[in-house]
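Colleague: my questions concern the predicted model and sequence given below.
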Amino acid sequence: MGLCQLKFQHSTFAFIGIIVVLVTVNQRQKMKKCILVVLILLASIIQSCSNGDSGKIIELIPVATDKKFGYIDREGKIVINPQFLQAYPFSYGRALIEIEGDKTAYGFIDETGKIVINAQFKAATSFSEGIAWTVKESGAPEAIDVDGKPLFKVINAERVFNFSEGMACFSIQDKEGRMTFGYLDKEGKTVIQPQFYGAGNFKEKMALVQNKEGQWGYINKDGKIEINYQFDEAYDFANGVAAVKSGENYGVIGLDGKYKVNPQFSGINVEPNGNLLIDQEGKAGWSDKDGKILINPQFDLAARFLNNKLAPVKSGEKYGFINEEGKYEINPQFDYATPFNNGIAIVQSNDKYGIIDKEGKFIVNPQFKEINRSALFIFSGYSANNQYVETDYFDISGLVSEIKKNVSINEIYGISNDILGRVPIQKYNVNSYEYGNYFTEPTGIVPSFFSIDIKEIANIQVGFHPDVMYSKAPEPEEQLVDPIILQITLTGKAENRSKKVYEQLKPLIAKFGEKYYDGPSYNGQLFSVKNENNTLIIYEDSNNHIYISLTKDPDYYQPNSTGFVTLSNKK
C-alpha cells in the first residue's frame, strides 16, 4: 500500500520494530487526523511503505545522546553536535531539523550543520526529487527548492505527499466530507483530478488507487486504469512486481496485473532480487519469486536481506542475523536490529543504540538514546517516514460573508432591535443554556436560522441574555430580552484561532457606528460601536468562541478598574 492511503495489516515481518499506521477512507470518518507513521520499537509491521530508498546509503546518522539530536558518521564520530529537538536524514544535501523556541519550528541544515533554510515552518517534509513540502502557521502546503525558494502553494489540499516520478499525491475533502486523492506535477498543476478514495505514489509509472467500494487497482500517469479494481489490499510496484491481497491471502502480480504468485501467504514483502519474505501462520520465512519455499517460516519477526548476505530475525526475545540458507551467522543477542546498510547495521542493547559490522562486532558501542525514525526506515529499505504535510490553512471567507449578510447595528439574523428591553425572554421556546446564553428554537418573530455550519470552521447559534442575568436584584417574573447574542463556535482548522477570526470580523462591526470601546477583556479582546439607539459588540473568548451582541445599553459591556471588561449591572 502506498504512502497516501494507510491502514493496518498485521504481519511477522517487513521492517522489524516499526508499525506503519495506514488509515483508510472508512477509518478516516472515525479519525479526524491521519497518522502516517508510528514507530514502536520491538513490534511488528507490514510491507506498506515504499521501497524507493532500498539502495540509499546513509552517511550521516541522526542520533540523540540525551534530549538533543545531532549527527554521527558511520564510525560513530560526532560530525554535527547535538542541538536539535529532532533531526532527519540528509537528502539532496539538506536535512530537516526541528528547533525549540516559543513554538517548535522546522528548518533545514547543510552537511556542516549550518542552517541554510531558517526554521520557520510548522511542518515540513524531507526533500524528494529536489522539492520539499512546507507549511507555515495558518498557511497552505507550499513547495520549496533546496535553496528555500518558494515554488507554489496548494491552497485547497488537505494533505500533500512527496514527489515520486515527477508527481505528488494530494487529498481534498469532497462535499460529503470524504477524503479523495489526485495528483499534481512539479509546477503545481493538477494532472489527475481528485477522484480516488485511497492512493499511493507512482512507482514504475503506475500508482495504486482505491475506488468507493474499497477495492484497489492501478492507474497510469494519465489517470487511466491499467489494472482493474479487484484487490482487497495492494502495494507499490518494485522491480516489476507488487504484493496484493485477495480474500485472506497475499500473492504477487506483475505489471500486467497477472499473478506471478497466487494468493497463498498471510503476508508478503518483496526483496529487491525478487525473492519473497513471507508470513505463514504467524511465522516468517522466505520463498523464491515463484513462491517456492527457500527458508522455512520459523521466525517470530524478520526483515528483508536487501541484497545483503545477512538478514535480521527475531526468535524469542532477541534478534540475530541469518544467512541465505536460514542459518545464524550472528547469534540472537540484540533487543532490536535493522538490515545492513553498506556494511553496517543499527542494533539496540539495554535501551541504547549502537552500530555493528557484518561479523557482529561493535563499530560503535551502544550509547545513543534514540535514532531518528526516518533513518531506521531507510536502513530497513523504506522511504523516510516524514512524507507528507497537512494544511494549516482555513478559509474564513464563508464566515465573513455570512456575518456581512446577517448582522447589522439594527438586527441580527432578522431579529430586530425593536425587541430589546421590550419582549420577555419567556415568550421564546428556550431549549438550551450555555455560557450564560439562552438559545432558542425559532418561534414568533425568530426566523429559522437556529444553527448554521460554515465549511467546517464554525457553527453559528443565536440566543439571548435576559436583561437581569447579571443583576443583584431579585429576578422579575418576566426577563426582557437584552442583548441579542450571536455565538460563533470555532471548529476544525479554525479551532483555537479565535484571535485571527476576531481580527478579520472586527472591521465588519466597525463600519456600523462610532467606536465606543476597543481593548482587552477578561478572556480576550472586545470591540464595540454605537449609534443613537443601539450598541453592536464583538467579543473574543479564549474558550473557542466569538460573540456578537446587539444591545440598547452602550455600557452593557464596560471596562472595570483593572482594565478588563465585565458585564455591568443592569438596573
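Modeller: Nice, thanks for sending it over.
Colleague: quick check, Val209 in contact with Asn201.
Modeller: No - with contact defined as CB atoms under 8 Å, Val209 does not count as touching Asn201 (11.2 Å). C-beta here means a position set from N, CA and C on the backbone, and glycine is covered the same way.
Colleague: quick one: the strands in the stretch 1-150 of the chain?
Modeller: Shown for the stretch 1-150 of the chain, the strands assigned by DSSP state E, counting those that start in this stretch span residues 61-64, 69-72, 78-84, 86-91, 94-99, 105-109, 115-121, 123-124, 132-135, 142-144, 150-153.
Colleague: tell me the SS of Asn228?
Modeller: Counting by DSSP: H, G, I helix; E, B strand; the rest coil, the backbone at Asn228 sits in strand.
Colleague: in the protein, which helix is the longest?
Modeller: Longest helix of the chain, by residue count under DSSP state H: helix 498-510.
Colleague: could you say what helices and strands that one packs with?
Modeller: helix 397-406, strand 481-490, strand 524-530, strand 535-541, strand 545-551 (3 or more CB pairs under 8 Å, 6 or more residues apart in numbering; DSSP states H and E).
Colleague: break the chain down into its domains, please.
Modeller: 25-390, 397-567 (automatic domain parsing).
Colleague: now the shortest one: mean pLDDT?
Modeller: Pointing back at domain 397-567 there. Across domain 397-567, pLDDT averages out at 69.
Colleague: can you check the longest one too?
Modeller: Rounded to a whole number, the mean pLDDT of domain 25-390 is 90.
Colleague: just how off-centre is it within its chain?
Modeller: 16 Å (CA atoms, centre = their mean, to the nearest Å).
Colleague: same thing with stretch 486-497?
Modeller: Computed by CA atoms, centre = their mean, the chain-centroid distance of stretch 486-497 equals 20 Å.
Colleague: could you export that stretch as PDB, CA atoms only?
Modeller: Taking Å, rounded to 0.1, in the frame of the first residue of the first chain, the C-alpha atoms of stretch 486-497 are listed here in PDB:
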ATOM      1  CA  LEU A 486     -24.800  35.600  18.200                       C
ATOM      2  CA  GLN A 487     -22.300  32.900  19.300                       C
ATOM      3  CA  ILE A 488     -19.700  31.600  16.800                       C
ATOM      4  CA  THR A 489     -18.100  28.300  17.900                       C
ATOM      5  CA  LEU A 490     -14.900  27.700  16.000                       C
ATOM      6  CA  THR A 491     -14.300  24.200  14.700                       C
ATOM      7  CA  GLY A 492     -11.900  22.300  12.500                       C
ATOM      8  CA  LYS A 493      -8.900  24.300  11.300                       C
ATOM      9  CA  ALA A 494     -10.300  27.400  13.000                       C
ATOM     10  CA  GLU A 495     -10.300  25.800  16.400                       C
ATOM     11  CA  ASN A 496      -8.100  27.700  18.900                       C
ATOM     12  CA  ARG A 497      -7.700  30.500  16.300                       C
END
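Colleague: ok, the residue nearest to Lys314 when sequence neighbours are not counted - how many residues close by?
Modeller: Closest residue in space to Lys314, ignoring its immediate chain neighbours: Leu301 at 3.9 Å, by CB to CB, 6 or more residues apart in numbering. Counted with other CB atoms under 10 Å, residues neighbouring Leu301 total 24.
Colleague: ditto for Lys506
Modeller: 16.
Colleague: so Leu151 sits right up against Ile144, yeah?
Modeller: Yes - if you go by CB under 8 Å, Leu151 and Ile144 touch, sitting 6.2 Å apart.
Colleague: between the two, what contacts are shared?
Modeller: Common neighbours of Leu151 and Ile144, using CB atoms under 8 Å, 6 or more residues apart in numbering, are Ile131.
Colleague: separation between Phe170 and Glu226?
Modeller: For Phe170, the distance to Glu226 equals 21 Å [CB to CB, to the nearest Å].
Colleague: no wait, Asn273
Modeller: 25 Å.
Colleague: ok, the nearest residue to Phe394 once chain neighbours are set aside - contacts?
Modeller: Counting by CB to CB, 6+ apart, Lys493 is the residue found nearest to Phe394 once chain neighbours are left out, at 3.4 Å. Taking CB under 8 Å, 6+ apart as the criterion, Lys493 is in contact with Thr391, Asp392, Tyr393, Phe394, Glu456, Ile457.
Colleague: and those, which are buried?
Modeller: Neighbour-count burial (16 or more other CB atoms under 10 Å) is assigned, among the contacts of Lys493, to Thr391, Asp392, Tyr393, Phe394, Ile457.
Colleague: rebuild those as CSV, extending it with distance to Asp290 and secondary structure.
Modeller: CSV is the format used below for the buried ones among the contacts of Lys493 (distance: CB to CB, whole Å; DSSP: H, G, I helix; E, B strand; the rest coil):
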residue, distance to Asp290, secondary structure
Thr391, 45, coil
Asp392, 49, coil
Tyr393, 50, coil
Phe394, 53, coil
Ile457, 55, coil
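Colleague: want to throw these into CSV with distance to Ala375?
Modeller: Converted to CSV, the buried ones among the contacts of Lys493 look like this (distance: CB to CB, whole Å):
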residue, distance to Ala375
Thr391, 27
Asp392, 27
Tyr393, 31
Phe394, 34
Ile457, 38
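Colleague: of Leu151 and Ile144, which one has the most company?
Modeller: More neighbours surround Ile144 than the other of Leu151 and Ile144, with 20 against 14 (other CB under 10 Å).
Colleague: what bridges to that one?
Modeller: Ala132, Pro150 (DSSP bridges).
Colleague: how close does it sit to Ile131?
Modeller: Taken as CB to CB, the span from Ile144 to Ile131 is 7 Å.
Colleague: hey, what's the residue lying closest to Phe69 once chain neighbours are set aside bridged with?
Modeller: Nearest-residue entry for Phe69: Ala87, 3.8 Å, with adjacent residues in sequence omitted and distances by CB to CB, 6+ apart. On the basis of DSSP bridges, Ala87 is bridged to Ile97.
Colleague: same thing with Ser549?
Modeller: Applying DSSP bridges, one finds that Ser549 bridges with Ile485, Ile537.
Colleague: that one contacts Ile485, doesn't it?
Modeller: Yes - because the distance of 5.5 Å satisfies CB under 8 Å, Ser549 is recorded as touching Ile485.
Colleague: okay, now the residue nearest to Phe379 when sequence neighbours are not counted: neighbour count?
Modeller: If the residues on either side of it in the chain are set aside, Phe379 comes closest to Thr338, at 4.0 Å by CB to CB, 6+ apart. A total of 29 residues lie near Thr338 under the criterion other CB under 10 Å.
Colleague: pull the most distant pair out of the contacts of Lys493.
Modeller: Asp392 and Glu456 (14.2 Å; CB to CB).
Colleague: ok so, going back, what residues are shared contacts of Ile144 and Ile131?
Modeller: Leu151.
Colleague: distance of Asn308 from Ser374?
Modeller: Counting by CB to CB, the gap from Asn308 to Ser374 is 20 Å.
Colleague: comparing the two, which residue is more hemmed in?
Modeller: Shown here are Asn308 and Ser374; by other CB under 10 Å, Ser374 has more neighbours (27 against 19).
Colleague: quick one, phi/psi of that one?
Modeller: phi -60, psi -40 (degrees, to the nearest 10).
Colleague: can you pull the contacts of the nearest residue to it once chain neighbours are set aside?
Modeller: Using CB to CB, 6+ apart and skipping residues adjacent in sequence, the residue nearest Ser374 is Ala384, 3.7 Å away. Shown in contact with Ala384 (CB under 8 Å, 6+ apart): Asp53, Tyr88, Pro89, Ser91, Ser126, Ser374, Phe377, Ile378.
Colleague: wait, which of the residues you listed is closest to Gly217?
Modeller: Closest to Gly217, out of all of the contacts of Ala384 and judged by CB to CB, is Asp53, at 25.3 Å.
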